Structures are given as C-alpha cells and as structure tokens.
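Trainee: here is a sequence together with a model predicted from it:
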Amino acid sequence: MKIAKHTNRPRRTGTDASTPALGARDPTVATLSVPTIVASAIGELDLKRRAPLLGRLLGAVGPLALAVIGGGVFAKFLPIARLPVIPVSFEDAALATSSQVYELVRYVEQSNPNLIEGLMATLLQDGMVLTALGASIAAIAIKQLSDRKGSIAGSPMK
C-alpha cells in the first residue's frame, strides 16, 4: 500500500478564500459574485452609510438566520428581528467583519434577490463607492445587474 506524501502548500491566513475581505481588490474580477461585489462596496462605505445598509440587510432575514449567519454575531438583533429595517449602531457596523457581511449578503441574495438588486443599484449610483471599487468591478456589477433584470424580464410568465 502506498502512502501519499504531504506537499508543502502555502498556508492560508486570515479569511477563507471564498470570503473576500471588505474592499479587497481581486485580480480575477471576472469571477466576482454579486455578494462579493455588494460586500466589498459596503466595506468601502463610511460608518454613517454602512450602518443603514446593514440594517436593511438584517431586516430581510428571519430570526433563525440572525442566530446562524456570521457565526451568530447578529443574534443580538433577535428581539427586533421582525422589523423591516433593523437599527444598526455605528459600533455594530464597524465590528461586522468582511466574512460576516459576505455571508449576510449571500443569504439575502438567495432569499430576497430584489433587495440585493436595489442595494446594488443604490451602491452603483454612489460615486465614492464606484471610485473605491474600481472601474472593472463596477462594470461587472452593472453587467450582472442588467443580466439579472434581463433574465427576469425575459422569463415566461406562468
């Protein structure tokens, strides 16, 4: 019986490769997902604008998701889980990590894609966010937003 030898692979530090850092620029921008783009854009915002966006995202999930997403970090909002927009303090917005925001956006994209489309459209209208994200990421986001709207408009009605 042969035993495979271990190879010397570089160790990953920090966040998992599937959860990009807020505001991180990836050279493979063509493979960026909507949650990655939105989470990166939220990471570029100042706390005054980040807190309300997180509140809108948190308001779109139910109590069970609040207890699970981001390792349960959003469970503190359980008493007000049924509000359409959860009030998020600047301190809470500052403490939200890139992976937690990414998980939240990913969950909301699956459960309420219309909210993500609205958020992405709002973010893309902000010149400061566009500058921070870079033209290539903004172009991908605009293309994905238009593709989504096109696929919704072109889908047959049942």
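Mentor: Thanks, I have the structure now. Numbering: from 1, shown residues only.
Trainee: leaving out sequence neighbours, find the closest residue to Met128.
Mentor: Leaving aside its sequence neighbours, Met128 sits nearest to Glu44 (Cβ to Cβ, 6 or more residues apart in numbering; 7.5 Å). Any C-beta I mention is one placed from the backbone N, CA and C, and that applies to glycine too.
Trainee: over to Phe74?
Mentor: Closest to Phe74 by Cβ to Cβ, 6+ apart is Leu66, at 4.6 Å.
Trainee: what's the helix or strand that contains the one you found in contact with?
Mentor: Leu66 belongs to helix 63-68 when assigned by DSSP states H and E. Helix 63-68 is contacted by residues Leu58, Phe74, Ala75, Phe77, Leu78, Ala81, Arg82, Tyr107, Ser111 when judged by Cβ atoms under 8 Å, 6 or more residues apart in numbering.
Trainee: sorry, back to before: and for the residue nearest to Met128, the neighbour number?
Mentor: 18 (other Cβ atoms under 10 Å).
Trainee: ok, Leu119 touching Leu53?
Mentor: Yes: the pair Leu119 / Leu53 is scored as a contact, 6.6 Å apart, by Cβ atoms under 8 Å.
Trainee: can you count the residues close to the nearest residue to Pro87 once chain neighbours are set aside?
Mentor: Among residues not flanking Pro87 along the chain, Gly55 sits closest, at 5.9 Å (Cβ to Cβ, 6+ apart). Applying other Cβ under 10 Å, we find 20 residues neighbouring Gly55.
Trainee: same check on Ala139?
Mentor: That count, for Ala139 with other Cβ under 10 Å as the rule, works out to 13.
Trainee: how much space is there between it and Gln125?
Mentor: 15 Å (Cβ to Cβ, to the nearest Å).
Trainee: pretty sure the residue nearest to Met128 contacts Leu130?
Mentor: No: Glu44 lies out of contact with Leu130 (Cβ under 8 Å); the separation is 9.5 Å.
Trainee: what do the two both touch?
Mentor: By Cβ under 8 Å, 6+ apart, no residue touches both Glu44 and Leu130.
Trainee: quick check, Ala121 in contact with Ile142.
Mentor: No: the pair Ala121 / Ile142 is not scored as a contact, 9.3 Å apart, by Cβ under 8 Å.
Trainee: low pLDDT regions in this structure?
Mentor: Within the chain, the ranges that satisfy pLDDT under 70 run 1-31, 132, 135-138, 148-158.
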